[in-house]
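A.B. asks: only geometry, no sequence info:
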């Protein structure tokens, strides 16, 4: 099965498991909880920050696609 993203950013290929955290943060934000990505990545290594930020952006974009799919047609 081909991956859309680089293996570095795909949790199936990393030991960091940051995809779950990114998905959880986006879900919490969707439910109205303020999430600061900078605060969440404050003590992470540069590699971990890069991976979490990439996964955060991916899940944010998926959330936006899902929201647009539920909009009524004009």
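C.D. replies: Now that the structure is in, tell me what you want to look at. What you see is a predicted model; the values in this text were computed from it and never measured.
A.B. asks: out of everything not next to it in sequence, what's closest to residue 25?
C.D. replies: residue 35 (4.9 Å; C-beta to C-beta, 6 or more residues apart in numbering). Where you see a C-beta, it was placed from the backbone N, CA and C, and this is true even at glycine.
A.B. asks: do the same with residue 30
C.D. replies: residue 63 (6.1 Å).
A.B. asks: if I read this right, that neighbour contacts residue 28, doesn't it?
C.D. replies: No. Residue 63 is beyond contact range of residue 28, at 11.6 Å (criterion: C-beta atoms under 8 Å).
A.B. asks: Give me the more crowded residue out of these two.
C.D. replies: residue 63 (15 against 12; other C-beta atoms under 10 Å).
A.B. asks: other SSEs contacting the top helix by length along the chain?
C.D. replies: For the chain, the longest helix by residue count, based on DSSP state H, is helix 46-69. Secondary-structure packing of helix 46-69 (3 or more C-beta pairs under 8 Å, 6 or more residues apart in numbering; DSSP states H and E): helix 18-30, helix 37-40.
A.B. asks: Point out the most buried one among these.
C.D. replies: Stretch with highest mean neighbour count among the helices and strands packed on helix 46-69: helix 18-30 (a mean of 17; mean count of other C-beta atoms under 10 Å).
A.B. asks: Identify the residues contacting that helix?
C.D. replies: When contacts are defined by C-beta atoms under 8 Å, 6 or more residues apart in numbering, helix 18-30 is touched by residues 10-11, 35, 37, 40, 48, 51-52, 55-56, 58-60, 63.
A.B. asks: and the angle from it to helix 46-69?
C.D. replies: Orientation of helix 18-30 against helix 46-69 (axes from the mean of the first three to the mean of the last three C-alpha atoms, to 10 degrees) gives an angle of 50 degrees.
A.B. asks: so for helix 18-30, what's the average pLDDT?
C.D. replies: In this model, helix 18-30 has a mean pLDDT of 90.
A.B. asks: what residue ranges in the protein score low on pLDDT?
C.D. replies: In the predicted model, the chain carries pLDDT under 70 at residues 1-16, 66-74.
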